[in-house]
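Asker: Build the 3D model from these lines:
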Amino acid sequence: MSPRIAYLGCDLARYGPHWAVLVDDQGIVLGAPQSFRSTQVDYQRVLAWTQRQLPPETELHVILEPTGPATAPVQAFWRSKGIAVYVVIPFRVKRFRESYQSHTKTDRLDAFILAKYAQTYGDHLRPVIEATDVRYAQLRDRVKEIWRMSRDQGSLEKQAQALVDLWIPEFGASAPTLTGHQGAQVYREIFQVFEERPVWPNCSAAMQALALGVRPEEPQERAAQSMASQPSQQQLARLLARYTLLAEQKEAALEELTALYEALDPDHLVQSLIGVGPILAPFLLALRPAIEAVKNFRALKAFVGMDVATMQSNRTVATHGHMTKAGASWARWALYLAAEVGRRWDPQLAAVYHRAMMEKGKCHQQAVTEVAIHQLRRLAAVLKAQQPYEPRDLDGHPMPSGKDRRAFISQRLVVPESVRNRTRAHRPA
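Answerer: The predicted structure follows:
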């Protein structure tokens with residue numbers, strides 16, 4: 001007879017008290033909800049309370065939602081007591097909570113929902129994965145930090161483009177990236193179009209022609225436009241300053257990330273994967289604790305969020321739904337980029353992409369996602385075997401030359417433009 005299981009749902013608060021609700025494997029609430037704070041005294045009190053409520057040989061699972069800084073100390077306490085801790089996906093818990101529409105939202109009821117969700121969907125629980133080497137935790141933190149910085153940089157660049165588009169329509173369609181110094185100069189100089197004699201050495205001829213197309217002919221109108229655009233120019237200067245500061249912070253974080261990667265992967269096993277370079281390698285290496293902890297590749301896909309949503313009704317099971325995306329977004333981003341590059345240089349990955357586009361009718365992003373799943377499988381194999389990846393052709397023969405692989409793909413695995421247009425939302429005229 002399998003041991004009984006109880007679920008302790010903990011709704012954590014950033015500043016106020018936390019709440020814990022205990023539910024047995026039949027969904028029955030045991031005892032009264034407990035309030036506690038992030039102190040060792042309160043942790044011990046809740047532990048003693050659970051032990052009094054549970055019969056002997058009952059296995060306790062602690063269920064948490066990620067709640068920023070409040071999550072780590074609670075995790076650490078329960079794990080130090082040898083108790084399994086699971087972090088649930090907030091989106092799924094929110095959907096589950098919607099089925100309990102008879103009550104208002106309170107912290108106590110949220111704790112009950114967490115415990116009840118775990119009791120109902122025990123097979124979907126994802127254990128907290130902690131690396132035995134603290135450097136992998138540092139690597140993951142730097143990866144997530146750089147990922148957030150890159151995302152914020154993209155947001156600032158879109159805001160800057162939209163701001164200039166107010167005065168020079170379609171500027172964003174041909175604007176240079178802000179990554180380089182010249183790109184920021186173009187954003188600053190483009191407003192010279194409203195001056196009597198524009199000085200814009202960094203703007204290309206095409207960019208100048210675009211700006212001159214909206215330039216008023218009369219000097220009075222140009223002066224009025226220049227005056228009216230001053231607030232936008234000041235806001236643009238603030239956006240560019242924030243972007244520059246983020247770029248400097250990101251560069252410093254990248255130096256730390258590179259040093260950690262060199263220490264953890266001195267043989268550059270991850271970079272042996274086709275499509276993975278110095279930038280993406282640390283992101284993929286950060287998945288190593290998860291690769292070692294999960295039971296199989298299906299669980300690894302679920303951890304990353306690349307598993308497919310399943311819809312079941314009676315005897316009908318549909319597994320052709322969308323990707324759940326309920327996992328590490330930074331890992332999916334790195335795998336997607338590695339797949340996009342790898343399919344251009346690896347015949348086996350190119351064959352996966354070609355088959356998805358030609359035979360399965362997938363669009364480009366769906367086909368690249370299939371390639372990304374293959375990249376994840378290769379990553380797991382390389383890290384488990386501690387052997388570099390060896391590129392091969394479709395028959396399994398070694399093919400070390402990148403030039404030969406590229407030529408092979410261009411001759412046999414090219415997707416016709418007509419097939420690409422079939423799945424595009426906006427087809428060329």
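
Asker: can we go C-alpha only for contacts and neighbour counts from here?
Answerer: Fine.

Asker: Need the per-residue pLDDT for Pro400.
Answerer: Pro400 carries a pLDDT value of 90.

Asker: Please disregard the earlier target; I meant Asp123.
Answerer: 67.

Asker: can you check the one 4 residues further on too?
Answerer: Looking at Pro127, its pLDDT is 72.

Asker: Surely it and Tyr86 touch.
Answerer: Yes. At 4.3 Å, Pro127 counts as touching Tyr86 under the criterion of Cα atoms under 8 Å.

Asker: Neighbour count for those two, which is higher?
Answerer: Tyr86 (20 against 17; other Cα atoms under 10 Å).

Asker: Tell me which residues touch that one, please.
Answerer: His61, Val62, Ile63, Leu64, Leu125, Arg126, Pro127, Val128 (Cα atoms under 8 Å, 6 or more residues apart in numbering).

Asker: Is it part of a helix or strand, or is it coil?
Answerer: Counting by DSSP: H, G, I helix; E, B strand; the rest coil, the backbone at Tyr86 sits in strand.

Asker: what's the spacing between it and Thr58?
Answerer: Computed as Cα to Cα, to the nearest Å, the Tyr86 to Thr58 distance reads 17 Å.

Asker: show me where the stretch 201-350 of the chain has strands.
Answerer: Per DSSP state E, counting those that start in this stretch, the stretch 201-350 of the chain carries strands over the ranges 311-313, 316-318.

Asker: scratch that, the stretch 51-200 of the chain is what I was asking about
Answerer: Taking DSSP E, counting those that start in this stretch as the test, the strands found in the stretch 51-200 of the chain are 59-64, 84-87.

Asker: Now render those as CSV, adding mean pLDDT.
Answerer: Output for the strands of the stretch 51-200 of the chain, formatted as CSV (pLDDT from 0 to 100):
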stretch, mean pLDDT
strand 59-64, 92
strand 84-87, 88
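
Asker: Deepest-packed of the ones you listed, please.
Answerer: For these, the largest average neighbour count (mean count of other Cα atoms under 10 Å) is found in strand 59-64, namely a mean of 23.

Asker: Poorly predicted segments of the stretch 51-200 of the chain, please.
Answerer: Along the stretch 51-200 of the chain, segments meeting pLDDT under 70 span 100-104, 123-124.

Asker: Just the CA atoms from stretch 74-85 would do, formatted as CSV, please.
Answerer: This file holds the C-alpha atoms of stretch 74-85, laid out as CSV (Å, rounded to 0.1, in the frame of the first residue of the first chain):
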residue,chain,number,x,y,z
VAL,A,74,10.3,29.3,2.9
GLN,A,75,11.7,26.8,0.4
ALA,A,76,15.0,26.5,2.2
PHE,A,77,13.3,25.7,5.6
TRP,A,78,11.1,22.9,4.3
ARG,A,79,13.8,21.4,2.2
SER,A,80,16.2,21.4,5.1
LYS,A,81,13.6,19.2,6.9
GLY,A,82,13.7,16.7,4.0
ILE,A,83,10.2,17.7,2.9
ALA,A,84,9.4,17.9,-0.8
VAL,A,85,8.6,21.5,-2.0
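
Asker: And the contacts of it?
Answerer: Contacts for stretch 74-85 (Cα under 8 Å, 6+ apart): Ser38, Tyr43, Leu60, His61, Val62, Ile63, Leu64, Pro127, Val128.

Asker: Pull the contacting residues for Tyr389.
Answerer: Tyr389 sits next to Leu269, Ser272, Leu273, Arg378, Val382 when contact means Cα under 8 Å, 6+ apart.

Asker: Which secondary structure state is assigned to the residue nearest to the third one when sequence neighbours are not counted?
Answerer: Nearest residue to Leu273, sequence neighbours excluded (Cα to Cα, 6 or more residues apart in numbering): Tyr389, at 5.7 Å. For Tyr389, the reduced secondary structure class is coil; criterion used: three-state DSSP.

Asker: And the pLDDT at the residue nearest to Phe297 when sequence neighbours are not counted?
Answerer: In space, and not counting its chain neighbours, Phe297 is closest to Arg377: 7.3 Å by Cα to Cα, 6+ apart. Arg377 carries a pLDDT value of 96.

Asker: which SSE is Arg377 in?
Answerer: helix 364-385 (DSSP states H and E).
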